[in-house]
Structure formats: structure tokens, C-alpha cells
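> What follows is a predicted protein model with its sequence.
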Amino acid sequence: MPTFKALLVTQEDGKAKAKFQQIDLTALPPGEVLIRVHYSSLNYKDGLAVTGRPGVIRKFPMVPGIDLAGVVEESSSSGWKPGDKVVVTGGGLSETLWGGYAELARLNSNLLTPLPKNFKLSQAMAIGTAGFTAMQCIIALERHGVTAASGDVVVTGAAGGVGSIAVAILAKLGYRVVASTGRAELGDYLRSLGAAEILERSVLSASSHKPMDTERWAGAVDTVGAETLASVIRALKIRGSVAACGVAGGMALNTTVFPFILRGVNLLGINSAVVTPQERREVWERLSHDLPLSLLDRMTTEEPLDRIVELGEQILRGAIRGRTVIRIAT
């Protein structure tokens, strides 16, 4: 029986444990399309899954990896044929569906997006869920009237995956970007992506009892949550918006209604996992136009799948800069 290599997370006595295994092809869950996986990526949720933390995996056993890029090997769907290059991000991978940390994946056709022609498979994973989410945030800000002429846009957690790509895209689109980070040593890196100003993380993360602060931000991409998000909301300009997509700093949000009813600001929740096929294609189309590939390559490192548990611990500690592509094919 043919086998393939995968990182399999099982649950024993209530504890999750990840281990590399050779798995029979027949063990793959059902789906319309069989994909030979070439690359995956490293995201915060992947760090949680591969290190046994709760909050991501809902069904065991599980192959983690919320992203994958590869080539179709078999298909019972009329929309896909062997040889097609495809990208999959989110959609339940690593939660209820086996994901990208394996040499093979079998999925239903509605989760697949064709690889944009100007991207390599590895570049698609340099983008991955992080870049997809960053682009969703920017589109949401645009739809709520935030333009380059509106004023400063702040990106929190700017040295991470979502933050790095958001900085690069916003700067390319002409926005004045303020990058908030707790890693001062990465200031030059963030400026190289287009940040006009570096803001120390503590400026936004300090707690405050004031319902509102002086208006500063026309818009924001927030990957941190908690007090950082509350601080951004307090300082949004009239009819400003913040796209919230992460909880690296915590899940609680301590704010008041005053910024919403006195300044008419918008808090925009971003969900990158539950997305229609049409929206997926639209977001990838925007990425193919608005993300400079030279900057994407600058923020990306490539690592083998064998290091994924170690890398998962690093991303949870905030020790990963930019994007990490995980090489699956040998």
C-alpha cells in the first residue's frame, strides 16, 4: 500500500502529541481532489497546533498546517485536472480537515484556488493565510472609506507575517504607514518594507481609563487585540476604521461605546477561514497586483518540514520575523 510522510497530531489522555509518520494513502479523508503538496507555511495557529496547545484542532487525529500549495494528482471534479497548480488557505484545514504538513492532501474542490500566474508555489506560501488576511484587512479598510489621503494607518504586530505583508502592500498603495512593534532591532527591516515611522509597542499596549484619545489614525490593521486594539480604537479619527484579525496580545477588549457614537468609527472583524470561492479569487487577484514580490522575498525564509515543531515554539514566542515557508516536497 502506498504511503506518504505527514506530521500527525493525536490525542492521548487529553493531551495532544505531534509525531512524523508514514501514513497509508487510504487513510486520507475523502475529497474530490488529490494534491501533491510542495509547500506549506507557518502561522500563529500552526504554532498552537504543532505544539499541542488548545484552540485550533477540533478533530483527532489531525494533520496540521492551515495552508498548502501544490499540484493536482487526481481529480473527480470537472473544475480541476492533474497538473493544475493550486493554493489552499484556511477553510478548516488543521481544524476539522487534514492540512498541509504532509506530502499528500485530499480536499473538496471548493477550497482550491488556482495559483496566480505571477507567483511560484513557494511565493504563494510566503503569502499564505497571513498575506491573505492582510489583503482582506486592506480591502475592508478601503470599503469603509480609508484612502491614502485619509491620514496615517497603523499596523500592529508589524514584524509578524500579517503585519509585514500589510506594511508592504499599504506602502505600495501610497499610504503613510506607522509600524508598531516590540522589537526595536527590526526597525530597519520594517522601513525597508515601506514603513514611514516605527512606534514602540508599549505606546499602544499601555492600559488607559480614558474613553477616547486625540485623533491620530485614519485606519489600522491590528493583529494583537487586547489593550493594543482598545488603544487604536480610542485614537481613530472621525469615521476611521480598524480591521482586527489577531489575538497575539489577548482576547479581551476593554473599551467604551464613545469612539463609535461620537466619532462614528468602525471595528471590522476579519475571518480568513470562512470565505467564498469568489472572494478567495478576488483576494488573490489583488495580492498578485498589490504585493511587490521583491519585498515578499525579502521578508521570507524557507525551512524543511522536519523543523516545524521547533519553529512552532518560536512563532508562539514572537521570535519569527516576516514569513516562513515550509518545504514539504523533497
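All right, it came through fine.
> switch to C-alpha atoms for all contacts and neighbour counts from now on
Fine.
> Residue 260: which element?
According to DSSP states H and E, residue 260 maps onto helix 258-262.
> ok now the helix or strand just after that helix, how far from the chain's centre?
Going down the chain from helix 258-262, the next helix or strand is strand 266-269, by DSSP H and E. Its chain's average C-alpha position is 17 Å from that of strand 266-269, according to C-alpha atoms, centre = their mean, to the nearest Å.
> what do you get for stretch 15-33?
Relative to where its chain is centred, stretch 15-33 has its mean C-alpha point 24 Å off (C-alpha atoms, centre = their mean).
> What's the end-to-end length of that stretch?
The first and final residues of stretch 15-33 sit 32 Å from each other (C-alpha to C-alpha, to the nearest Å).
> what kind of secondary structure is the most centrally placed residue in the chain in?
The C-alpha lying nearest the average C-alpha coordinate of the chain belongs to residue 130 (C-alpha atoms, centre = their mean; 2.0 Å). Classification of residue 130 into helix, strand or coil gives helix, according to DSSP: H, G, I helix; E, B strand; the rest coil.
> ok, it to residue 89 distance?
Residue 130 is 9 Å from residue 89, where distance means C-alpha to C-alpha.
> ok, now residue 203?
To residue 89, residue 203 is 33 Å away according to C-alpha to C-alpha.
> and if you look at residue 314?
Relative to residue 89, and taking C-alpha to C-alpha, residue 314 is found at 21 Å.
> Neighbour count for those two, which is higher?
With other C-alpha atoms under 10 Å as the criterion, residue 314 and residue 89 differ in neighbour count, and residue 89 comes out ahead with 31 against 15.
> for the closest residue to that one other than its chain neighbours, phi and psi?
In space, residue 89 comes closest to residue 67 once its chain neighbours are excluded; the distance is 4.4 Å by C-alpha to C-alpha, 6 or more residues apart in numbering. Backbone geometry at residue 67, expressed as degrees, to the nearest 10, gives phi -130, psi 150.
> ditto for the one 3 residues further on
The phi and psi torsions at residue 70 (degrees, to the nearest 10) take the values phi -170, psi -160.
> in which helix or strand would I find the nearest residue to it once chain neighbours are set aside?
Once its chain neighbours are removed from consideration, residue 70 has its nearest residue in residue 37; the separation is 4.3 Å (C-alpha to C-alpha, 6+ apart). Here residue 37 sits within strand 33-41, counting by DSSP H and E.
> what residues does the helix or strand following that strand touch?
On the C-terminal side of strand 33-41, the nearest following helix or strand under DSSP H and E is helix 44-50. Residues external to helix 44-50 that are found in contact with it (C-alpha atoms under 8 Å, 6 or more residues apart in numbering): 9, 17-18, 54-57, 64-66, 94, 308-309, 311-316.
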